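Peer 1: Fold the following.
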Amino acid sequence: MSTIYLMKIDHSANQYRYYSIRIDPDLFGRWTLIRQWGRLDYDGGRLRMDTFESEIQALNRLSEIVTQKKKRGYQLDK
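Peer 2: Numbers count the residues shown, from 1 in each chain. Next comes the predicted model:
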């Protein structure tokens, strides 16, 4: 699966943020949801990985997170 990139840029609030999210299978038949986020103008950022027993569970969580981020002003990076 490819990575979904979201960005939130609000000059008036000094917000320059990114959020990337993807799902990868692991060696044990589970699925890992990998999220990375931070400021666009800084190196680094934060990383979080959550493991799910099925791809459907991971996809459902991915969908929830993307919906939540869009409500907070993030937009898909094209």
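
Peer 1: tally of neighbours for N60?
Peer 2: When neighbours are counted by other C-beta atoms under 10 Å, N60 registers 12. For every residue, glycine as well, the C-beta is placed using N, CA and C.

Peer 1: This structure: helices as residue ranges?
Peer 2: 55-71 (DSSP state H).

Peer 1: so how far is R39 from the most centrally placed residue in it?
Peer 2: Closest to where the C-alpha atoms of the chain average out (C-alpha atoms, centre = their mean) is I21, at 2.8 Å. To R39, I21 is 17 Å away according to C-beta to C-beta, to the nearest Å.

Peer 1: Low-confidence stretches in the protein?
Peer 2: Filtered on pLDDT under 70, the chain yields the residue ranges 1, 78.

Peer 1: how about the strands in it?
Peer 2: 4-10, 15-25, 31-39, 46-52, 75-76 (DSSP state E).

Peer 1: and L59, what does it touch?
Peer 2: I23 (C-beta atoms under 8 Å, 6 or more residues apart in numbering).

Peer 1: buried stuff in stretch 16-29?
Peer 2: R17, Y18, Y19, S20, I21, R22, I23 (16 or more other C-beta atoms under 10 Å).

Peer 1: how far out from the middle of the chain is it?
Peer 2: 7 Å (C-alpha atoms, centre = their mean, to the nearest Å).

Peer 1: now what about it, what contacts it?
Peer 2: So stretch 16-29 is in contact with 1-9, 31-41, 45, 51, 55, 58-59, 62, 65-66, 69, 74, 77, going by C-beta under 8 Å, 6+ apart.

Peer 1: Would you list the buried entries among the residues you listed?
Peer 2: Judged by 16+ other C-beta under 10 Å, buried ones among the contacts of stretch 16-29: 4-8, 31, 33-38, 58, 62, 65-66, 69, 74.

Peer 1: Name the nearest residue to Y16, ignoring sequence neighbours.
Peer 2: Computed as C-beta to C-beta, 6 or more residues apart in numbering, the closest residue to Y16 that is not its neighbour in sequence is L40, at 4.2 Å.
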